[in-house]
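Enquirer: turn this into a model:
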Amino acid sequence: MNSIFLEEVTATRLSHDLIGNIGAVNNAVELFSECDEGDDIEDIKNILDFSAKVLSKRLKFFRVCFGLSNAAVKSIDELYEICADYLSTLGNPERPIKLKMEIETPKIHKIIMPAVMMMADVIIKGGVLEVKQNASGVKVTALSDFALDEAKLAHIDLILNGNEVKENPSAYAPLYFMMAYLKGSDVEIKRDKNTLVIGD
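Expert: Numbering: from 1, shown residues only. Take a look at the predicted model:
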């Protein structure tokens, strides 16, 4: 994995996660310019409000996760809020992904956030992400009453073992980012069933 590849998959993933709501905003603006006063105004406002909130939450998460260190979070509560807000933008609102977080410091957000992003992707019909820190590392566990995405879990193993994922590699940009971030350290990333383990 070289830096160009990492830049490509990250840019593609972030663009993919933003383009849908940007398109919704654009369509709503076009509808607004064409409709008569009072016609469908409330519906257009709802579309704009929903899409703007999703974009705001995702952009804030991406900036802290992938941005420069001046975007670092200052407290555990702030990190929890940013991650929970991001998860609230995913999937069906009737089957949300909730967050449980037990960590000791927000300084490890560059590890926690891409792990949250990656493991949220394996939850298909709502559930819980548990983030736990102990003396040896961090564990991020995906829990759901429904089946998890076994194909994505298998692809995580492929990447961790140094193999390529030929179909849609940008979906695994958070994992590639973690691997690059931890390169040269003694910290190992591995998968244990439905848990991503960073450390021992």
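Enquirer: quick check: chain neighbours aside, which residue is closest to the most centrally placed residue in the chain?
Expert: What sits nearest the mean C-alpha location of the chain, by CA atoms, centre = their mean, is residue 117, with 2.7 Å. Distances taken as CB to CB, 6 or more residues apart in numbering put residue 174 closest to residue 117, at 4.1 Å, once the chain neighbours are dropped. Just so you know, the C-beta spots here come from the backbone N, C-alpha and C atoms, and that holds for glycine as well.
Enquirer: what about the helices in the protein?
Expert: Per DSSP state H, the chain carries helices over the ranges 3-34, 41-66, 76-87, 109-120, 150-160, 173-182.
Enquirer: elements contacting the fifth one?
Expert: Helix 150-160 sits against helix 173-182, strand 189-192, with contacts defined as 3 or more CB pairs under 8 Å, 6 or more residues apart in numbering; DSSP states H and E.
Enquirer: again, but for the longest one
Expert: Other helices and strands packing on helix 3-34, by 3+ CB pairs under 8 Å, 6+ apart, are helix 41-66, helix 173-182.
Enquirer: the last one packs against which elements?
Expert: If you count contacts as 3+ CB pairs under 8 Å, 6+ apart, helix 173-182 packs onto helix 3-34, helix 41-66, helix 109-120, helix 150-160, strand 189-192.
Enquirer: can I get these in JSON lines including distance to residue 198 and mean pLDDT?
Expert: Formatted as JSON lines, the helices and strands packed on helix 173-182 follow (distance: least, CB to CB, whole Å; pLDDT from 0 to 100):
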{"stretch": "helix 3-34", "distance to residue 198": "18", "mean pLDDT": "91"}
{"stretch": "helix 41-66", "distance to residue 198": "14", "mean pLDDT": "92"}
{"stretch": "helix 109-120", "distance to residue 198": "5", "mean pLDDT": "97"}
{"stretch": "helix 150-160", "distance to residue 198": "11", "mean pLDDT": "97"}
{"stretch": "strand 189-192", "distance to residue 198": "5", "mean pLDDT": "97"}
